[in-house]
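In: model this:
(one chain, ligands or ions: 1)
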Amino acid sequence: MKLIDTHCHLNDEQLYQNLDEVIAHAQQVGVEKIIVIGWDKASSELAIKIAEQYPFIYACVGFHPENLEGVDEKQLNEVLALSSHPKVVGIGEIGLDYHWEKDSQKREIQKQFFIKQIEYANKVGLPISIHSREAFQDTIEILKEHKPMHSGVLHCYSGSVEGLQEVFNLNLYIGLDGPVTFRNAKTPKEVAIEVPLERLVLETDSPYLSPHPLRGTVNEPANIILVADEIANLREMSKKHLLEVVYDNSCKLFNL
Ligand code: NI
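Out: Here you go, the predicted model:
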């Protein structure tokens, strides 16, 4: 089995404290490549440090919309400058989070940071990893106006089946993870069935979003196998074929 976890946070303390063990688990189930995603300056730097230690681990750097408090232009530029490191394969995670942010002025700040980071990715020729929570229409509007020139992924896609076309019109991928396996997750399961295979990548977002039946535990990249199992079942296709296509998609997207 060839697996790639295209979005996880080995740089989160919950995983970093057992890093060797967590990576060994992933390798046991066939995870061949892992992309560690930053959410602020320290986590982006740690993502790179981890990527330097393991040849099959890569990093993305950027400011997550929930981590903008007190961040100035200088700090943003420092993080974006990290992308010149040879193990950095994308800018992320960047985007909009209206679930946690209700204040309209702060949402404006999220938009400004999102746009600046897309434009930087375009300048340096990297794809983007997009976080969008309860902000689908604004996310799409920004992406239409500031088109990612080197593609990207709507990570943990939580939109509708109808919304998929907007994503593919922008030449982007969607990432699916734990919620697909949740018993009550109607929409993610529909999305997993309807998404064209060549537009899909898999991820864990670990240590968050543990798949069923591990909900509530600390998630880790090895659990991507549960996400793959569920999607293969839902699509009534062989897991081997699913994983081959998804592997190629992931390598193409992040130039691995
Ligand atoms: Ni994440």
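In: now Leu10: closest residue in space that isn't a chain neighbour?
Out: By the measure of CB to CB, 6 or more residues apart in numbering, the closest residue to Leu10 outside its immediate chain neighbours is Val36, 4.8 Å from it. Every residue, glycine included, has its C-beta placed from N, CA and C.
In: following the helix or strand hosting the one you found, which helix or strand comes up?
Out: Mapping Val36 onto the secondary structure by DSSP states H and E places it in strand 31-37. Proceeding C-terminally, strand 31-37 gives way to helix 41-53 as the next helix or strand, assigned by DSSP H and E.
In: packing partners for that next one?
Out: On a contact count with 3 or more CB pairs under 8 Å, 6 or more residues apart in numbering; DSSP states H and E, helix 41-53 meets strand 31-37, strand 57-61, helix 73-81.
In: quick check: buried residues in the longest one?
Out: Of the residues in helix 73-81, 76, 79-80 count as buried by neighbour count, 16 or more other CB atoms under 10 Å.
In: right, and the helix or strand after that helix?
Out: strand 88-97.
In: run the chain-centre distance for that following strand.
Out: Computed by CA atoms, centre = their mean, to the nearest Å, the separation of strand 88-97 from the middle of its chain amounts to 8 Å.
In: just to revisit the earlier point, contacting residues around the strand holding Val36?
Out: With CB atoms under 8 Å, 6 or more residues apart in numbering as the contact definition, strand 31-37 has outside contacts at 2-11, 23, 26, 47, 50-51, 54, 56-60, 62, 89-90, 92-93, 129, 155, 221-222, 224, 247, 250-251, 254, 256.
In: so which of the buried residues of helix 73-81 comes closest to Glu230?
Out: The shortest approach to Glu230 among the buried residues of helix 73-81 belongs to Val79, at 34.4 Å (CB to CB).
In: test my guess that that closest one contacts Ser43.
Out: No: look at Val79 against Ser43 with CB atoms under 8 Å: they stay out of range, at 9.6 Å.
In: list the contacts of His64.
Out: Counting by CB under 8 Å, 6+ apart, His64 touches 39-40, 93-95, 97, 131.
In: quick one: the strand holding Val36 to strand 57-61, angle?
Out: Angular relation of strand 31-37 and strand 57-61 on a 0 to 180 degree scale: 20 degrees, by axes from the mean of the first three to the mean of the last three CA atoms, to 10 degrees.
In: what pairs with strand 31-37, parallel or antiparallel?
Out: Its sheet considered, strand 31-37 pairs with strand 3-8 (parallel), strand 57-61 (parallel) by DSSP bridges.
In: save those strands as TSV, and put in mean neighbour count and mean pLDDT too.
Out: Rendered in TSV, the data for the strands paired with strand 31-37 read as follows (neighbours: other CB atoms under 10 Å; pLDDT from 0 to 100):
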stretch	mean neighbour count	mean pLDDT
strand 3-8	28	98
strand 57-61	28	98
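In: and the ones you listed: which comes nearest Leu234?
Out: With CB to CB, the closest approach to Leu234 among the strands paired with strand 31-37 belongs to strand 3-8: 17.6 Å.
In: follow-up on the earlier one: and the residue nearest to Leu10, how many neighbours?
Out: By other CB atoms under 10 Å, 29 other residues sit near Val36.
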